[in-house]
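Participant: Got a sequence here, can you model it:
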Amino acid sequence: MRLLIQRVESAQVEVEGRTVGSIGRGLLILLGITGEDGEAECEYLAEKAANLRIFTDSEDKMNLSLLDTGGEALVVSQFTLYGDCRKGRRPAFIAAARPEQAEPLYRCFVQCLERAGVSRTATGEFGAHMRVSLVNDGPVTIWMDTAEIMPNR
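Facilitator: Model (predicted):
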């Protein structure tokens, strides 16, 4: 499972001209899922994201988490995070989970964020062509991959 996290002042997702999810200050989380992922990866990365200290404190140091600031999260599924560009010019997405496996894990990840204490969690629309807009704060962008950071994996 992979996360691309951006600290934002605001973010929103539109599908066919209608807003399906929007947040104020918080995290835009792009979520990629492989066929090897399960609930354990959802729980681990949701907890990690909710407690990631990337918001500034009164001394302008990145010392506060989403939970500390009462920030919001917008989670958008993005199978292209598993694009393999090693051969040719068109990415291969073989490592990305099939939709029937990925969608329940996407929903699981959102529920895990909520259980971790995130005050408000919005989502995109799984499988839809989405327009994502954001106002980056920093910019601060963090990459997390369970293959690199999760113990016992």
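
Participant: I'd like the distance between the residue of the chain most remote from its centre and residue 140.
Facilitator: Farthest-out residue of the chain from its mean C-alpha position, per CA atoms, centre = their mean: residue 88, at 28.0 Å. Per CB to CB, to the nearest Å, residue 88 is found 33 Å from residue 140. Every residue, glycine included, has its C-beta placed from N, CA and C.

Participant: for this protein, what's the longest helix?
Facilitator: Counting by DSSP state H, the longest helix found in the chain is helix 99-115.

Participant: Please name every helix or strand in contact with that helix.
Facilitator: Judged by 3 or more CB pairs under 8 Å, 6 or more residues apart in numbering; DSSP states H and E, the packing partners of helix 99-115 are helix 39-51, strand 72-77, strand 120-123.

Participant: in the first one, what's buried?
Facilitator: Yep, that's helix 39-51 we're talking about. Buried residues in helix 39-51, counted by 16 or more other CB atoms under 10 Å: 41-46, 48-50.

Participant: now swap in the shortest one and tell me
Facilitator: Residues 121-123 are the ones in strand 120-123 that count as buried (16+ other CB under 10 Å).

Participant: pLDDT below threshold where in the chain?
Facilitator: Across the chain, residues meeting the criterion (pLDDT under 70) sit at 153.

Participant: quick one on the thing from earlier: from the chain's centre, how far out does the longest helix of the chain sit?
Facilitator: Here helix 99-115 shows a centroid-to-chain-centroid distance of 11 Å under the convention CA atoms, centre = their mean, to the nearest Å.

Participant: contacting residues around that helix?
Facilitator: If you take CB atoms under 8 Å, 6 or more residues apart in numbering as the criterion, helix 99-115 is touched by 1, 31, 33, 35, 37-39, 41-43, 45-47, 49-50, 73, 75, 77, 79, 96-97, 121, 123, 126-127.

Participant: The residue nearest the centre of the chain pairs with what?
Facilitator: A centroid search over the chain (CA atoms, centre = their mean) returns residue 29, at 2.3 Å, as the residue closest to the centre. As for beta bridges, residue 29 partners with residue 5, residue 75 under DSSP bridges.

Participant: Same question for residue 64.
Facilitator: residue 55.

Participant: Now do the contacts for it.
Facilitator: Taking CB under 8 Å, 6+ apart, we find residue 64 in contact with 53, 55-57.

Participant: Residue 133: which of those residues is nearest?
Facilitator: Using CB to CB, residue 55 comes nearest to residue 133 of those, at 20.8 Å.
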